[in-house]
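1. sequence plus predicted model, see below.
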Amino acid sequence: MVTFTAICLDVGPSMRMRKGDGSASYFDMAAQIICHLVHKKLVEAKKSSDIEIALILLGTKDKASNISADGYDHITTLFPMEQGCADLVRFVSDKQAKGGIKISEIPNCSTGCDVIDAIVVAMDEMQRKIDAREFKGKAKSSLQREIILLSDLVRLSCRGVEDLPSIIGGLNECGYVVKSIGCPDVDIEAESQMETDASDTAVAVVQKFCRETDGRLMSFEDAHRVITEFSIAEPSAAKVFQGPLEIGSLQIFVHGYNRQQQAKPRSFAKCAPPAAEGKDHSSSSVSTKTEYTDPEEDGAEVGKDDVIKAYCYGKERVPWPSDNKELTKLETERCLRLLCFVPAHSIKQHMYLGAKVLSFHARTGDDHARTALAALCTAMNDENVHMIARFCARKNAEPKLLVLWAHVKPEYEALLGAQIPFKEDFQNVTLPDSTNGIDISDAQQEAMDAYVDQLDLMSAYKDDTGDPMEALQPKMTFDPIEQRLRQVILHRVLHPGCAHNAVPLPPLDAGQRRHVHPHEHLWEGVDADPLRQLFPLVAIDKASEKKDATAKKDESNDNADTALIAGQDSHSTKRRRVDADDAADKSVSAIIRGPIKAIGNGNPVADYIDMANNQEEDLLEEATDQLQSLVQSIVIGVASASKGTHTELVLSCMQAMRKVCLENLEPALFNRNLLAVRDLLKGKAAVKTFYDTFVTEKIHLISKDECDASDVDADSAEIFVPMQTALVDSAACASIVIDDDDTDLVDDL
């Protein structure tokens, strides 16, 4: 987007007068504001042709403009409208002269000039440049035109107030925006001031210009404070979706925009001359060339069309030609479709993905869509629920899961959304337990609580009346690295011909230092001595620390062996629990379902794992008993084991029980249940399939080799052995006696 800016600077005597307290004059502050304003625009511009800036001086002795022949006295166009150049920055910084005169040497006229004439000259200068560049169509309608007036308006007059409506109409028709720095923000109407002081009339006219063109009024102090922070420009609202929000058979037509996105500074590669100047200098850019060779043919070159991609599959390479990629591509349609509603507390903030927040509004001009969306947002707020939706921004785009929540304001209603992950997107990392063996005393806890209370930011600052106020203001907290980078660029621009060592870099200014060391005054009066006494710092020798850790590990193993010899369970009080974030089901259905309290018939294995991993209460034994009851009911109720689904279900249940009990160091719990299942299966022809499956899958007791807490030897763990003779009928099986230890099972059969 191309921006045209006309800066009108008042150089009258009232602007140069210093205040009684010795602070900088309005003229000096205006020069700094222009310097930072132009520098900000030049740094943020993607191309140099995107910025056109002119500097017009008001209150000069002479006149020099494109329309000076028609009057317009005491107005000089010093820098005509041109693509952003560094000379303007150097001039307003008093580092370079223009026409042999520096900005501090510009002569002024005590009579001032007409403020309406200044606006007309700025409009003419801007329009001439726009016509010369011959913008057409959409490019012309998207131009930004702004006139910035820097004056205290003391020496400016105003004649021809009767022409104001036509001039303001022309400004609005062409899209001009008038901004004033130094004009007081008081209610003065131009029509009522025609017979009063000329300066009051000028103030009223400037206020009318700004308000009628959606401009802004700021004092020199406020503008200087804001503009010296090199904040990154806000992007324009980008429409990312246009279509219906599908809620069953209901469709609400909405428009989606990027509401927030992460701002990143432009890289030096994009700011380099070839990229900044466009295609004309592409020959000077860095180019790359890729060649493919065949090592088996002595490095012979291979054509790009003869090279295909491949996936590593062990030691093999699976070819993946381009036609395979097209065949496996998922075809999708543009959509925003409701999947379900979930409680608001079920979606945690750490589940959000990406750096963007989307905003969905009712289609412009569609009253029915706005009414429906407003009702939906109100209902979601009343029920305290969020919406889970499938989102495809365009046809054949990658489908995403969005969580949408209601955003209700007096002016509008909208749905804000953020991407949430699929199940495959989670990559859990097991973190070490940092609290093992740590015992915090009451004195330590009280001292830390008191220390935190002293550093509370909610009442750390004082307002104008001396009352406490919140210190944390994220919107006014800037990145010190970005601020420093732009300060250094400005320093190099102001000293272009000097060697780097001749003019050292300036130190951090006060604003940047405040962001590097925030809230320094908070530490004043904070007493940290109690913390130093209760939490002493001790130097640790890495070598001795490693040796001590090895010794503690050996001692722990010795104690565990001693406990097992004495018949004690050394792990009874240290059962390891699986981390909830590692084992929990994070699917949308799990969020809706909530915590599991009983094992159902639909997916008993998943229900058992969820119950066993419950972090709020210990449900392992209860879950195991419920799963055991389910297995026994299946075995007892099956008259014929010819259906494989029953066999697979029993097998998966016992495998899950074994794994969970082993992870939680509860081998006795599993061994007891497996023996009970063995007693149900032995000698019964109707359930022979179950028995054979346990033999094939090698389901056995948890032995000492797998878990030190087990009291079963490895030789006694195999309780399911293959049958070598034909299975007799159920009546014969009833008379067979099988020892509990199963050592003579094959011979008896």
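-> Done, it's in.

2. longest strand in the protein, please.
-> Identified as the longest strand of the chain according to DSSP state E is strand 250-261.

3. what are the buried residues along that one?
-> By neighbour count, with 16 or more other CB atoms under 10 Å as the criterion, the buried positions of strand 250-261 are 252-257, 259. C-betas here are computed from N, CA, C, even on glycine.

4. do stretch 290-303 as well
-> By neighbour count with 16+ other CB under 10 Å, stretch 290-303 contains no buried residues.

5. do the same with stretch 127-145
-> Buried residues in stretch 127-145, counted by 16+ other CB under 10 Å: 127, 129-130, 143, 145.

6. one more: stretch 387-404?
-> Residues 387-389, 391-393, 400-404 are the ones in stretch 387-404 that count as buried (16+ other CB under 10 Å).

7. closest to Pro295 among the residues you listed?
-> Distance to Pro295 across the buried residues of stretch 387-404 (CB to CB) is lowest for Lys400, with 41.6 Å.

8. which pLDDT does the model give the closest one?
-> On pLDDT, Lys400 comes in at 92.

9. from memory it sits against Ala389, does it?
-> No. In this structure, Lys400 is not within contact of Ala389 by CB atoms under 8 Å, at 9.1 Å.

10. which of the buried residues of stretch 127-145 fall in helices?
-> Among the buried residues of stretch 127-145, DSSP state H puts 127, 129-130 in helices.

11. chain center to the helix or strand where Val605 lies: distance?
-> Taking DSSP states H and E as the criterion, Val605 maps to helix 604-612. Distance of helix 604-612 from the chain centroid (CA atoms, centre = their mean, to the nearest Å) equals 34 Å.

12. helices or strands next to that helix in the packing?
-> Here helix 604-612 touches helix 620-637, helix 644-663, going by 3 or more CB pairs under 8 Å, 6 or more residues apart in numbering; DSSP states H and E.

13. can you put those helices in CSV and add distance to Lys41?
-> Listed next are these as CSV, based on distance: least, CB to CB, whole Å:
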stretch, distance to Lys41
helix 620-637, 65
helix 644-663, 61
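
14. which stretch among those helices comes nearest Leu537?
-> Of those, nearest to Leu537 by CB to CB is helix 644-663, at 37.8 Å.

15. list the helices and strands that closest one packs on?
-> Where contact means 3+ CB pairs under 8 Å, 6+ apart, helix 644-663 is packed against helix 604-612, helix 620-637, helix 667-681, helix 688-696.

16. got the residue ranges for the helices in the stretch 1-150 of the chain?
-> 13-16, 26-44, 86-92, 115-133, 137-141 (DSSP state H, counting those that start in this stretch).

17. want to throw the ones you listed into JSON lines with mean pLDDT and distance to Phe220?
-> What follows is the helices of the stretch 1-150 of the chain, written out as JSON lines (pLDDT from 0 to 100; distance: least, CB to CB, whole Å):
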{"stretch": "helix 13-16", "mean pLDDT": "84", "distance to Phe220": "10"}
{"stretch": "helix 26-44", "mean pLDDT": "85", "distance to Phe220": "5"}
{"stretch": "helix 86-92", "mean pLDDT": "85", "distance to Phe220": "15"}
{"stretch": "helix 115-133", "mean pLDDT": "89", "distance to Phe220": "17"}
{"stretch": "helix 137-141", "mean pLDDT": "70", "distance to Phe220": "34"}
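
18. nearest to Gly466, of the ones you listed?
-> The closest of the helices of the stretch 1-150 of the chain to Gly466 is helix 26-44. By CB to CB, the value is 27.8 Å.

19. can you pull out the residues in contact with the closest one?
-> Applying CB atoms under 8 Å, 6 or more residues apart in numbering, the contact partners of helix 26-44 are 3, 5, 7, 9-11, 14-17, 48, 51, 53, 55, 84, 86, 88-89, 92-94, 103, 148, 150, 152, 181-182, 220-221, 223-224, 227-228, 230, 232-233, 486, 489-490, 493.

20. please apply the same query to stretch 126-140.
-> Applying CB under 8 Å, 6+ apart, the contact partners of stretch 126-140 are 2, 4, 6, 52, 54, 66, 81-82, 143, 145, 147, 174, 176.

21. now do 7 Å
-> 4, 6, 52, 66, 81, 143, 145 (CB atoms under 7 Å, 6 or more residues apart in numbering).

22. just the buried residues of those residues.
-> Burial by neighbour count, 16+ other CB under 10 Å: within the contacts of stretch 126-140 this picks out 4, 6, 52, 81, 143, 145.

23. the third one touches Phe79, doesn't it?
-> No. Checked against CB atoms under 7 Å, the pair Glu52 and Phe79 is beyond contact range at 10.8 Å.

24. overlap of the contact sets of those two?
-> Common neighbours of Glu52 and Phe79, counting by CB under 7 Å, 6+ apart, are absent.

25. can you redo the buried residues of strand 250-261 as a markdown table with pLDDT?
-> Output for the buried residues of strand 250-261, formatted as a markdown table (pLDDT from 0 to 100):
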| residue | pLDDT |
| --- | --- |
| Ile252 | 95 |
| Phe253 | 95 |
| Val254 | 94 |
| His255 | 94 |
| Gly256 | 93 |
| Tyr257 | 91 |
| Arg259 | 83 |
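
26. contacts only, for the residue lying closest to Cys183 once chain neighbours are set aside.
-> Excluding the flanking residues, the one nearest Cys183 by CB to CB, 6 or more residues apart in numbering is Val206, at 4.8 Å. Val206 makes contact with 115, 149, 153, 180, 183 under the criterion CB under 7 Å, 6+ apart.

27. could you check how far the last one is from Phe27?
-> Using CB to CB, to the nearest Å, Cys183 is found at 16 Å from Phe27.

28. what of the second one?
-> Using CB to CB, Leu149 is found at 14 Å from Phe27.

29. just Asn396 next, same as before
-> From Asn396 over to Phe27 the distance is 59 Å, taken as CB to CB.

30. tell me where the stretch 151-300 of the chain is predicted with low confidence.
-> For the stretch 151-300 of the chain, the stretches flagged by pLDDT under 70 are 160, 184-200, 226, 228-237, 262-287.

31. in this structure Ala471 contacts Ala460, no?
-> Yes. Counting by CB under 7 Å, Ala460 is a contact partner of Ala471 at 3.8 Å.

32. now do the helices in the stretch 251-400 of the chain.
-> Under DSSP H, counting those that start in this stretch, the stretch 251-400 of the chain gives helices at 268-271, 273-277, 322-327, 367-383.

33. reformat those helices as JSON lines; add mean neighbour count and distance to Leu37.
-> Listed next are the helices of the stretch 251-400 of the chain as JSON lines, based on neighbours: other CB atoms under 10 Å; distance: least, CB to CB, whole Å:
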{"stretch": "helix 268-271", "mean neighbour count": "11", "distance to Leu37": "19"}
{"stretch": "helix 273-277", "mean neighbour count": "15", "distance to Leu37": "20"}
{"stretch": "helix 322-327", "mean neighbour count": "10", "distance to Leu37": "50"}
{"stretch": "helix 367-383", "mean neighbour count": "16", "distance to Leu37": "39"}
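
34. the ones you listed: lowest mean pLDDT?
-> Note on the helices of the stretch 251-400 of the chain: lowest mean pLDDT is at helix 273-277, with a mean of 49.

35. distance of the most centrally placed residue in the chain relative to Gln261?
-> Centre of the chain computed as the mean C-alpha position; nearest residue by CA atoms, centre = their mean is Ala355, 3.1 Å away. Relative to Gln261, Ala355 is positioned 6 Å away (CB to CB).

36. and if you look at Ala375?
-> Distance from Ala375 to Gln261, counting by CB to CB: 29 Å.

37. also Leu150?
-> 33 Å.

38. ok, Ala418 next?
-> Using CB to CB, we find Ala418 at a distance of 11 Å from Gln261.

39. try Pro399
-> For Pro399, the distance to Gln261 equals 21 Å [CB to CB].
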